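>>> Here is my input, please return the structure:
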Amino acid sequence: MYRKTYVEIDEEILKKNSKEIINKYNNYKYYIGVVKNNAYHHGIKVVNSLIEAGINYLAVSSLEEAIEIRKFNTEIPILVLEPIDLEFIDDVIINKVTITIDNLKYLEELNKINLSYQLNIHLKIDSGMNRLGFKDKKNINSAMRLIKENKKLNLEGIYSHFATSGIQDAFYDQQVKNFLELTKDINLEEIPIVHFDRSLTFVTHEKLSFVNGVRLGIVLFGFSGSQIKGKGIKNMLRSIKRNIYRKRYHISPTILENDLKLNTAFKLYSSVLSVRKVVKGEVVGYNASYKVKNDGYIATIPVGYADGVTKEFGFVVIRNKRYKIVSDAMDMIMVYTENKIKYKDKVEIFGNTISIREVSNNLGINAYHLFNQISNRVPRIHKNNEEELEIKY
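Okay, here's the model as predicted:
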């Protein structure tokens with residue numbers, strides 16, 4: 001690491017999160033860790049820690065991501081959630097990847113290929129999101145007949161995806177009804193893996209009776225989805241209003257609070273690159289965008305918007321004290337301080353003092369976007385017990 005800017009990933013926290021989830025939601029058979037986009041930018045190395053903690057299946061968005069996982073683990077089953085161009089079916093088989101079948105035409109083309117090995121497949125059902133998946137029962141039944149006739153195709157799973165969070169949400173219930181209607185002619189009990197819920201929905205509803213798998217994404221990385229109801233007359237009135245709304249529209253009960261004890265493992269650090277004295281009236285940064293109000297110091301830190309960090313982050317922490325970010329550039333940010341800090345002082349962009357939630361709120365985005373905003377040019381330092389490993393993704 002030449003530039004002292006890095007993301008610290010505490011894999012022990014990820015293990016604890018996974019165990020916490022599995023212990024408290026222990027009525028599933030398959031815990032599918034969704035580790036797309038480089039495990040939400042935590043680094044794909046973390047898959048082995050997730051597996052060690054009980055995650056027994058992985059899901060990604062592309063064949064490239066699945067092949068990257070194989071560098072770290074050769075055995076864990078991997079589902080690619082998007083259809084893969086059949087031109088690359090040999091790479092699928094070589095890397096033992098499970099593919100998504102989302103329409104009849106794709107399956108018919110796959111059926112024409114003389115497969116050398118049995119291929120695991122999952123049928124994707126479009127229950128209302130209108131993104132991917134079968135949405136016609138006749139096509140689903142035709143697909144089932146084709147699969148049954150082809151001994152090289154193993155229907156390992158059937159799944160769908162909720163479009164909404166499911167909180168006080170009639171569309172959640174409609175999607176469940178749509179799924180059951182579309183799969184009415186299939187004995188779901190004979191399908192090894194049926195999965196529907198995701199991080200935002202499995203904590204807000206009782207487990208669906210026909211599923212035995214759950215896809216876990218952002219929850220693994222420290223976000224439980226728990227919503228504090230609060231106390232007082234206003235909250236009581238809100239609760240009454242929710243119950244009236246639920247009964248009127250026949251909405252299934254929603255669980256707003258859960259007691260999952262999760263922590264974030266992703267922390268972003270840098271160090272002070274330069275400290276210079278400034279006097280009242282001087283300006284700082286491009287477009288002379290910040291005017292110094294009082295004599296003090298400007299500390300320059302080697303992290304910028306090319307790394308995903310802007311002045312809208314708000315503050316940094318140096319020596320347990322917050323300092324306001326007053327200017328940014330592609331590779332640097334500048335902070336103002338009345339006290340002289342030192343060259344090479346450690347800087348927390350977010351971590352133990354400034355939380356990911358705080359920065360997300362400052363930016364007006366959610367944690368998904370913030371993780372993905374921190375670019376891969378920032379190396380990841382993986383901590384696992386006493387071991388540390390730097391990886392440049």
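>>> which residue ranges form the helices in this structure?
Counting by DSSP state H, the segments of the chain that form helices are 11-24, 36-40, 47-52, 63-70, 89-94, 104-111, 137-149, 170-182, 199-202, 233-248, 356-363, 367-373.
>>> could those helices go into CSV alongside distance to Glu189, mean neighbour count and mean pLDDT?
Glycine gets a C-beta too; all of them are placed from N, C-alpha and C. Formatted as CSV, these follow (distance: least, Cβ to Cβ, whole Å; neighbours: other Cβ atoms under 10 Å; pLDDT from 0 to 100):
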stretch, distance to Glu189, mean neighbour count, mean pLDDT
helix 11-24, 23, 20, 98
helix 36-40, 29, 21, 94
helix 47-52, 27, 20, 97
helix 63-70, 28, 19, 97
helix 89-94, 28, 16, 96
helix 104-111, 22, 16, 97
helix 137-149, 15, 15, 97
helix 170-182, 13, 17, 96
helix 199-202, 20, 22, 93
helix 233-248, 30, 11, 64
helix 356-363, 41, 16, 95
helix 367-373, 34, 17, 90
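>>> Any idea which of the ones you listed gets closest to Asp259?
helix 11-24 (7.4 Å; Cβ to Cβ).
>>> CA atoms only for the closest one - export them in CSV, please.
Output of helix 11-24 as CSV, limited to C-alpha atoms (Å, rounded to 0.1, in the frame of the first residue of the first chain):
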residue,chain,number,x,y,z
GLU,A,11,-14.1,-10.7,8.7
GLU,A,12,-14.7,-11.7,12.3
ILE,A,13,-17.6,-9.2,12.3
LEU,A,14,-19.0,-10.8,9.2
LYS,A,15,-18.8,-14.3,10.8
LYS,A,16,-20.7,-13.0,13.9
ASN,A,17,-23.3,-11.4,11.7
SER,A,18,-23.9,-14.6,9.7
LYS,A,19,-24.1,-16.7,12.8
GLU,A,20,-26.5,-14.3,14.5
ILE,A,21,-28.8,-14.4,11.5
ILE,A,22,-28.8,-18.1,11.1
ASN,A,23,-29.3,-18.7,14.8
LYS,A,24,-32.3,-16.4,15.0
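>>> Show me what that helix is in contact with.
31, 33, 42, 46, 49-50, 52-55, 216, 219-222, 258-265, 382-385 (Cβ atoms under 8 Å, 6 or more residues apart in numbering).
>>> same question, stretch 364-382
1, 5-9, 11, 37-38, 40-43, 45-46, 218, 221-223, 266, 268, 303, 306-309, 356-357, 359-360, 363, 388-393.
>>> again with stretch 218-230
So stretch 218-230 is contacted by 13-14, 17-18, 21, 33-34, 40, 42, 50, 55, 165, 167, 199-200, 203-204, 235, 239, 256-260, 262-266, 356, 367-368, 371 (Cβ under 8 Å, 6+ apart).
>>> which residues does Ser327 contact?
So Ser327 contacts 284-286, 289-290, 311, 333-334 (Cβ under 8 Å, 6+ apart).
>>> care to break this protein down by domain?
What automatic domain parsing lists as the domains of the chain is 11-248, 266-354.
>>> so how far is the longest one off the chain centroid?
Averaged C-alpha coordinates place domain 11-248 at 13 Å from its chain's average position (Cα atoms, centre = their mean, to the nearest Å).
>>> just the last one next, same as before
The chain centre lies 29 Å from the centre of domain 266-354; the measure is Cα atoms, centre = their mean.
>>> ok so, going back, could you tell me which of the contacts of helix 11-24 are located in strands?
31, 33, 216, 382-384 (DSSP state E).
>>> distance of Thr353 from Val347?
From Thr353 across to Val347, the span is 11 Å (Cβ to Cβ, to the nearest Å).
>>> again with Met334
For Met334 relative to Val347 (Cβ to Cβ), the value is 12 Å.
>>> Common neighbours of these two, please.
Joint contacts of Met334 and Val347 (Cβ under 8 Å, 6+ apart) are Ile301.
>>> For the stretch 151-300 of the chain, give me the ranges with low pLDDT.
Counting by pLDDT under 70, the stretch 151-300 of the chain shows low-confidence ranges at 228-232, 234-250.
>>> In this structure Leu268 contacts His42, no?
No. Contact between Leu268 and His42 fails when scored by Cβ atoms under 8 Å: they sit 11.8 Å apart.
>>> and these two? which has more neighbours close in?
Using other Cβ atoms under 10 Å as the criterion, Leu268 and His42 rank with His42 on top: 28 against 25.
>>> which residue packs closest to the more buried one, ignoring adjacent ones?
Ile9 (5.3 Å; Cβ to Cβ, 6 or more residues apart in numbering).
>>> ok, and what's touching stretch 291-302?
Residues from elsewhere that reach stretch 291-302 (Cβ under 8 Å, 6+ apart): 3-5, 270-284, 316, 318, 323, 326, 331-341, 345, 347.
>>> buried sites along it?
292, 296-302 (16 or more other Cβ atoms under 10 Å).
>>> from those residues, which is closest to Glu75?
Once Cβ to Cβ is applied, the member of the buried residues of stretch 291-302 that ends up nearest Glu75 is Pro302, at 40.0 Å.
>>> Disregarding flanking residues, what is the spatial nearest neighbour of the closest one?
That would be Leu273: by Cβ to Cβ, 6+ apart, it lies 4.8 Å from Pro302.
>>> do Ser61 as well
According to Cβ to Cβ, 6+ apart, the nearest residue to Ser61 is Lys36 (4.2 Å).
>>> And the residue nearest to His42, what's its pLDDT?
pLDDT for Ile9: 97.
>>> Who does it form a beta bridge with?
Phe266, His382 (DSSP bridges).
>>> May I have the residues that are in contact with it?
Contacts of Ile9 by Cβ under 8 Å, 6+ apart are 42-43, 46, 265-267, 380-383.
>>> please redo it, this time with the cut-off set to 7 Å
The neighbours of Ile9, taking Cβ atoms under 7 Å, 6 or more residues apart in numbering as the test, are 42-43, 46, 265-266, 380-383.
>>> Please report which of those residues has the highest neighbour count.
His42 (28 neighbours).
>>> how close does that residue sit to Lys383?
Taking Cβ to Cβ, one finds His42 at 12 Å from Lys383.
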